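Student: Can you look at this prediction? I've put the sequence above it.
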Amino acid sequence: MVEAKNKVVVVGNTIAGALAALCAVEAGASVQLVSRAPLRRSCDSAWKEGIAGVLDGAPCGDSVEQHVCDTILGGDFLAHQSAVRGMCEHAPALIRLCHRMGVPFNRAAEGRISQIGGSGMSFRRTAHVDAVTGQQVVNVLDEQIRRYAAEGKLSLHEYISFGAIVRDENGACRGVIGIDLRSLEAKIYPADAVVLCVGGYAGIYGTSTVSDDHAGAALAQAYLQGADVANPEFVQFHPAAIPGADKARSIGELAFALGARLGAVRNERPWHFIDEWHPRWKGAVPFDVAARDVANAIQEAGSVFLDFDAVDSDALLREASRVFDLCRTFSDRDPLSEHIEVIPAAHYTMGGLWVDEHHMTTVPGLFAAGESDYNYHGANCLGPNVLLSALHGGMTAGRSANSYAEGLGEHVGGIVPSVFERERTLQENELKELMSNEEGENARGIRRELGDELDRHMGIIRHDDELKNAAENIARLAERCSACRPADRSEWANGEVMALRDLKRLLAFADVMVRAAEAREESRGAHFKPSHPNRDDRNWSVATRVRHAAEGPAFSYDDAVDMGELKPRERVYG
Amino acid sequence: MDRVYLKVRRCDGPDELSYWEEFSVPHRPRMTVLAALAEIREDPVTADGLPTAPVAVEHGCLEEMCGSCSMVINGKVRQSCSTLVEGLSQPITVEPMGAFPILRDLQVDRSAMFSSLTNVQAWAELDGLHDQSVHQFRSPVEQRRIFALSGCIMCGCCLDACPQINDRSPYDGAFLINSVMLVSERHPFSQLVSSRWGFLKGPGGVASCGNTHNCELACPKDIPLVATIARARWKVMKHSVLSFLKR
């Protein structure tokens, strides 16, 4: 029987994944959206920053060129510049799309979409809904997904965690194996093309602004199956998050644009160090710069705070009331009258799976988008570009996946079932084996130690000897992990055995991260090494690429950054 | 506070019997109920030291935006990720929401909420993702009004708190009335399509709301549910009167 439509599977119902699925449907594919959680339950709902874009009526002097330059400089000349151009050019249309879908953007008095300043942005070009733009985009995309599902154009498979990709004898990706989180069954999802939109790996750290299961286990699985990773050493630390027992909660977004200032107590007086060190940019410095400043200020003064003394309280409640709610709920303080203690925390990962300009990974037929890719933000992301890259990347990847499927000689219906059955059995057997361990350490202890190790030795400031130690410690954790047991051996809704399965993958990925950080002998964007404090354009204007091999990760540096828009210059935010 | 004491109503699966277990976990600064439950995983034993499985909890963003972690804490339904243990009387009693079937421990099945959004076609009738240069103006006042309705995180607290949500009542819940009102008021040219009308004036809609206001009290997002339901009632009444007069 001839399959009439191209089959595309999107893994990860996230902002990027949802838009990829919708675009693939519109391009003519039959789409299955496989996700461990419904879109509204994803942590994209907690994303606060708005969407940057040069809309008509932008402040005088702004232009797409300016947005491109801000992004390239913000990324410290590591992002591929033609990709950045494509994203910035697309931004106004994406904001319009969000508006049409129903996102209630904040409005200026005249009735236009109101645009606020953002980190690294030289003009006010961030369209936003309070400080909850992520949630609003999630909600409207969720409506469209449900609509297409009701019309039979796509099928939704929720509470299914990513297990593995299925590769045929030519190495092409022909689908995925998903693990039902309730029954723990491994299920087959055949496809002509697969798009992975499974987020990033900031949660691998002990101190992060995301939960500990947003640590990149799915990315690690793809890596172990042959998808190269790129720039894994580039992790953004948020400079201002409220400390908490299970995660740190970021509040800097939008707050800085409204005049909130980071400060510390020095000689018993408030010391606004960011303003002192950056008199022109002040709180609009990119987050990598701010995070380093916070680390240095903590060294000197012990702790830092965010103060809203210079903020107009009406403006705060109108433009970012969510910040106010977060402070009251999680720090038990009123930001309008008290200082809020904040800490830096791992927040967003610029690295991810290597992809070409069509968002295809090194595995033919496997695409990646959203925080799972690596190509738009270079060495540091500018917050208002994050949703933009998720939407732009998701749209591009969904369409590319369909085009790729269209060009295939043989569609997946013609692939013998044993190819799928082999991988399905592998996944099922692994779970059974993990479940059968009765003795050994509780895997949770090892997970906590991994987080602490990365916090201590692969944070904002990196030392080569510590990175070397980290690699050795991670190897020891991996050994212990091979003899540990899940804290729960039930065969129903068992989160612990899934966490143990993930942990094995996280340890492999953490190894890649620390080795990449050790190997890059320069400082660029969010990667800072006192031993090599400057950017080295001559030798290091290349992306880090890592390929999995049995004897260990194989690093290559032949992916030279395309510099078509802007030649490297000194990156100073004075 | 050195330790946190929890009393959890557990259940091993659908159709299994519930049972209570008590736990004692080390307190960490700014610990939330969700964090306390997660702490059990580090050393999964009961307060008496007997080995047990960690408590199964659905969690997501950990900051009250995804609606995953709803549960009943000391008798009140709320998000566990934003409920700090300090200030709660101990032992903290933790139970799954009663309005939904239990999957395991505190994990409940809320898929019916999402299916009902499909039943009332709660979505924008977008005519494609291609770019349209639309410049739609909206006043800041109108934006704030719509924004107030748009914060629903599908947590289910309004259903759990509502006395009209039970097996004898056809009421579909405040969240659904709010969703329909949001979708129909959000776009200037939007109208109430028949499926949404049918719901609002049907047995699942405004007629079954008992006006206790529990929904708004329980809503973690401060959505003005009472006013929205009142406006929906008015729309239904106006529509009924007008169609009567047209006859």
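Tutor: Great, that's in hand.

Student: quick one: low-confidence parts of the chain?
Tutor: Reading this off chain A. Chain A contains residues with pLDDT under 70 at A:1-4, A:57.

Student: if you could check chain B rather than the one you did, that'd help
Tutor: Ranges of chain B meeting pLDDT under 70: B:134-135, B:188-192.

Student: And the strands in it?
Tutor: Shown for chain B, the strands assigned by DSSP state E span residues B:3-11, B:18-26, B:70-73, B:76-79, B:92-95, B:102-104, B:107-108.

Student: And for the stretch 451-574 of chain A?
Tutor: A:542-547, A:554-560 (DSSP state E, counting those that start in this stretch).

Student: distance between stretch B:6-22 and the chain's centre?
Tutor: Centre-to-centre, stretch B:6-22 and its host chain are 22 Å apart (CA atoms, centre = their mean, to the nearest Å).

Student: Same question for stretch A:383-402.
Tutor: Using CA atoms, centre = their mean, the offset of stretch A:383-402 from its chain centre is 12 Å.

Student: Likewise for stretch B:151-161?
Tutor: With CA atoms, centre = their mean, you get 1 Å for stretch B:151-161.

Student: do stretch A:399-409 as well
Tutor: With CA atoms, centre = their mean, you get 26 Å for stretch A:399-409.

Student: How about it and chain B, touching?
Tutor: No - judged by CB under 8 Å from any CB of the partner chain, stretch A:399-409 makes no contact with chain B; its nearest approach is 10.0 Å. C-beta: built from backbone N, CA, C; applies to glycine.

Student: Buried ones in that stretch, by neighbour count?
Tutor: A:R399, A:S400, A:A401, A:N402, A:Y404, A:A405, A:L408 (16 or more other CB atoms under 10 Å in any protein chain shown).

Student: ok, those vs chain B, which is closest?
Tutor: A:R399 (10.0 Å; CB to the nearest CB).

Student: Please name the residues that touch that closest one.
Tutor: A:C23, A:A24, A:A27 (CB atoms under 8 Å, 6 or more residues apart in numbering or on different chains).

Student: What does the closest residue in space to the last one that isn't next to it in sequence show for phi and psi?
Tutor: What that stands for is A:A27. Spatial nearest neighbour of A:A27, chain neighbours left out: A:N402 (3.9 Å); criterion: CB to CB, 6 or more residues apart in numbering or on different chains. Reported as degrees, to the nearest 10, the phi and psi values for A:N402 are phi -70, psi -40.

Student: doesn't A:V194 make contact with A:N402?
Tutor: No - using CB atoms under 8 Å as the test, A:N402 is too far from A:V194 to be in contact (12.0 Å).

Student: End to end on stretch B:34-43, go ahead and measure it.
Tutor: 16 Å (CA to CA, to the nearest Å).

Student: List the buried residues for stretch B:240-247?
Tutor: In stretch B:240-247, counting by 16+ other CB under 10 Å, buried: nothing.

Student: And for it, what's in contact with it?
Tutor: B:K201.

Student: Could you see whether chain B lies near stretch A:38-52?
Tutor: Yes - applying CB under 8 Å from any CB, one finds stretch A:38-52 in contact with chain B at A:P38, A:R40, A:R41, A:S42, A:C43, A:S45, A:A46.

Student: whoops, stretch A:70-90 was the one
Tutor: No - Stretch A:70-90 does not reach chain B (CB under 8 Å from any CB); its nearest approach is 9.0 Å.

Student: Endpoints of that stretch, how far apart?
Tutor: 16 Å.

Student: Next up, the contacts around the spatially closest residue to A:C197 that is not a sequence neighbour.
Tutor: Spatial nearest neighbour of A:C197, chain neighbours left out: A:G17 (3.3 Å); criterion: CB to CB, 6+ apart. By CB under 8 Å, 6+ apart, A:G17 lies in contact with A:V10, A:V11, A:L33, A:S35, A:L39, A:V195, A:C197, A:V198, A:A369, A:G370, A:G394.

Student: circling back: now the strands of chain B in CSV, with mean neighbour count?
Tutor: Converted to CSV, the strands of chain B look like this (neighbours: other CB atoms under 10 Å in any protein chain shown):
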stretch, mean neighbour count
strand B:3-11, 19
strand B:18-26, 16
strand B:70-73, 24
strand B:76-79, 21
strand B:92-95, 20
strand B:102-104, 23
strand B:107-108, 22
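
Student: possible to save those as CSV with distance to chain A?
Tutor: Output for those, formatted as CSV (distance: least, CB to the nearest CB, whole Å):
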stretch, distance to chain A
strand B:3-11, 10
strand B:18-26, 10
strand B:70-73, 11
strand B:76-79, 10
strand B:92-95, 14
strand B:102-104, 4
strand B:107-108, 6
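
Student: Looking at those strands, spot the one closest to A:F77.
Tutor: Closest of the strands of chain B to A:F77 is strand B:76-79, at 42.4 Å (criterion: CB to CB).

Student: Put the alpha carbons of that closest one into PDB.
Tutor: Output in PDB follows, covering the C-alpha atoms of strand B:76-79 (Å, rounded to 0.1, in the frame of the first residue of the first chain):
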ATOM      1  CA  LYS B  76      -6.800  23.300  50.800                       C
ATOM      2  CA  VAL B  77      -6.300  22.700  47.100                       C
ATOM      3  CA  ARG B  78      -3.300  24.500  45.800                       C
ATOM      4  CA  GLN B  79       0.000  24.400  43.900                       C
END
